[in-house]
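**Q** Pasting the sequence and the predicted model now:
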Amino acid sequence: MMLCAGIALLFVTLPVQAYTTEVHVVKYAADGETILNETTVNYTWMEANLPVHGDGATHYYYQGPIFEEEWENTYGLTYAGRDWNSSEEKWDKVGGESGYVQEEQCNCYPNKDLGACKGTDVRDLCNLVGGMSPGDKVKIKAIDGFFKMFPYSVIYNNEPALGPYVLTWYSLDAEEGGASSGYTGPDYTTGMRAMFFSDTSTNPWGKHIAGIGDMTNYIPEEYWHYYVNWPIFYPALGGYTVKYVSEIAIYSTVLPQVFDTGAPDNQYPSISGTHTGTIKPSHDVCVYKMYTYPCPGTGGHTEYVKIENSSWCITANWTGYQGERHNISFGDQFTLKASETYNYTIRTGSYPQIHHTDSLEVANGMGIITCDKFIDANGRVYYVGIPAIKFFC
């Protein structure tokens with residue numbers, strides 16, 4: 001009964017249509033949450049606007065795991081060791097008088113044929129949102145949740161033996177997995193699929209094969225892929241051929257741009273009321289929440305906020321003392337654009353901290369916030385009084 005239930009669940013959860021036709025490209029700040037830039041493009045746009053890799057006639061291959069029996073059959077040798085898991089041979093190497101030699105012959109050609117492919121370099125897609133820098137990582141994510149991470153050095157490599165990492169949207173006559181007779185969709189059911197377009201330098205057939213030696217030479221060890229048949233870990237490149245790619249996410253080392261007035265030197269006098277004024281960022285600022293600095297031991301908060309310019313407006317309301325009582329959340333994430341002037345209305349409650357000035361330069365050169373008018377809870381009007389706040393994602 002348990003087995004039947006497991007099989008039934010498997011059939012229920014299998015996707016009817018898995019192929020993808022567009023990819024979301026996004027670049028995050030160092031906090032992993034703040035979006036610095038993003039775009040979504042489909043394969044027809046890629047073909048028309050970015051360099052095309054592959055000619056639709058040249059086939060590309062990858063190397064699978066090296067099993068002991070298959071290695072012996074390939075090279076006509078008998079493995080003399082005891083433990084295949086710790087052997088050099090499982091890396092498709094052959095021992096000789098001068099030591100082991102890296103080969104690229106076992107479990108790759110002709111059976112690991114990904115087809116005559118065309119596609120777009122992942123590097124070019126990353127560049128649409130600002131590109132990667134040393135220290136950055138990128139996640140190549142499939143629509144079914146599977147993903148592979150790579151560092152900058154792999155995506156921006158210039159080694160022909162490994163080759164560019166290409167998001168393919170066309171495949172013809174593949175021997176490995178699904179229909180392969182054209183563009184991603186019903187004619188290419190594992191598309192869009194990422195793979196390395198390696199050169200022909202290592203194998204004896206002159207074929208474009210991404211081999212185990214290419215992986216060990218040009219991909220950092222913590223990113224190596226293994227096919228696991230416990231207790232043996234077989235190096236293999238099949239895991240790099242990510243099917244149904246739907247997202248390319250860059251996790252950068254760029255610090256998020258936060259518009260933060262900080263707390264004033266003098267926390268008092270404090271009183272709630274309504275502040276109006278302007279905000280002019282000097283850098284793009286991602287916003288999802290606004291924090292209000294409270295006087296110590298109080299519930300100082302913002303009850304209502306409106307930010308607007310001549311063509312746009314967004315508002316948010318406080319949800320009470322439960323949860324993040326000093327934060328107020330907007331319904332959608334948005335960006336305050338550099339050098340644009342925005343008008344704000346902020347109505348506070350309890351005892352918030354206030355900068356008693358009419359203009360304030362925000363820390364780290366993030367811009368200027370001004371006060372046009374502050375009407376306190378008793379109806380008194382002031383022309384100085386900037387709320388101590390922080391915008392962040």
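**A** Looks like it came in fine.
**Q** okay, the most centrally placed residue in the chain: pLDDT?
**A** Nearest to the geometric centre of the chain sits Ala249, at 1.4 Å (C-alpha atoms, centre = their mean). At Ala249, the model reports a pLDDT of 98.
**Q** so what's it closest to, chain neighbours aside?
**A** Spatial nearest neighbour of Ala249, excluding adjacent residues (C-beta to C-beta, 6 or more residues apart in numbering): Lys139 at 4.4 Å. C-beta: built from backbone N, CA, C; applies to glycine.
**Q** give me the element that neighbour is part of.
**A** Applying DSSP states H and E as the criterion places Lys139 in strand 137-142.
**Q** ok, and for the following helix or strand past that strand, which residues are buried?
**A** Counting by DSSP H and E, the element after strand 137-142 in chain order, helix or strand, is strand 147-151. By neighbour count on 16 or more other C-beta atoms under 10 Å, the buried set for strand 147-151 is 148, 150-151.
**Q** would you turn those residues into a markdown table with pLDDT?
**A** Converted to a markdown table, these look like this (pLDDT from 0 to 100):
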| residue | pLDDT |
| --- | --- |
| Lys148 | 98 |
| Phe150 | 98 |
| Pro151 | 98 |
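**Q** Tell me where the model's unsure across the stretch 1-150 of the chain.
**A** Scanning the stretch 1-150 of the chain with the threshold set as pLDDT under 70 gives 1-17.
**Q** Strands of that one, residue ranges please.
**A** Taking DSSP state E, counting those that start in this stretch as the criterion, the stretch 1-150 of the chain carries its strands at 22-28, 35-42, 59-62, 93-96, 99-102, 113-121, 137-142, 147-151.
**Q** These: which one's closest to Tyr304?
**A** The closest approach between Tyr304 and any of those, judged by C-beta to C-beta, belongs to strand 35-42 at 25.6 Å.
**Q** From Met46, how far off is Lys118?
**A** The spacing between Lys118 and Met46, counted by C-beta to C-beta, to the nearest Å, is 10 Å.
**Q** again but with Lys207, I slipped
**A** In terms of C-beta to C-beta, Lys207 sits 26 Å off from Met46.
**Q** Find the nearest non-adjacent residue to His59, please.
**A** Ala116 (5.2 Å).
**Q** tell me the contacts of the one you found?
**A** Neighbouring residues of Ala116 by C-beta atoms under 8 Å, 6 or more residues apart in numbering: 54-60, 171-173.
**Q** switch to 6 Å and redo it
**A** Going by C-beta atoms under 6 Å, 6 or more residues apart in numbering, Ala116 touches 56-59, 172.
**Q** Domains in this protein, by residue range?
**A** 18-251, 259-392 (automatic domain parsing).
**Q** tell me how far the ends of the longest one are from each other?
**A** Distance across domain 18-251, first residue to last, is 25 Å (C-alpha to C-alpha, to the nearest Å).
**Q** give me the element the residue nearest to the centre of the chain is part of.
**A** Ala249 belongs to strand 245-251, assigned by DSSP H and E.
**Q** how about Gly206, what does it touch?
**A** Gly206 neighbours (C-beta under 6 Å, 6+ apart): Thr200.
**Q** still on that earlier bit, the residue nearest to His59 bridge partners, please.
**A** Beta-bridge pairing for Ala116 (DSSP bridges): His59, Leu172.
**Q** Please name the residues that touch Pro151.
**A** Lys137.
**Q** I'd like to know how far it sits from Glu222.
**A** 9 Å.
**Q** repeat for Gly54
**A** 29 Å.
**Q** Show me which of these two is the more surrounded one.
**A** Taking other C-beta atoms under 10 Å, Gly54 and Glu222 do not tie; Gly54 has more neighbours (23 against 7).
**Q** For the more buried one, which residues are in contact?
**A** Applying C-beta under 6 Å, 6+ apart, one finds that Gly54 lies in contact with 117-118.
**Q** can we see that at 10 Å?
**A** Counting by C-beta atoms under 10 Å, 6 or more residues apart in numbering, Gly54 touches 60, 115-120, 166, 168-172, 195, 197, 208.
**Q** Quick one: which of those residues is the most crowded by neighbours?
**A** Ser171 (34 neighbours).
**Q** residues contacting that one?
**A** Ser171 neighbours (C-beta under 10 Å, 6+ apart): 54, 56, 59-60, 113-119, 177-184, 187-193, 195.
**Q** sorry, back to before: now the buried members of the contacts of Ala116.
**A** 59, 172.
**Q** nearest to Thr335, of the contacts of Ala116?
**A** Gly56 (39.6 Å).
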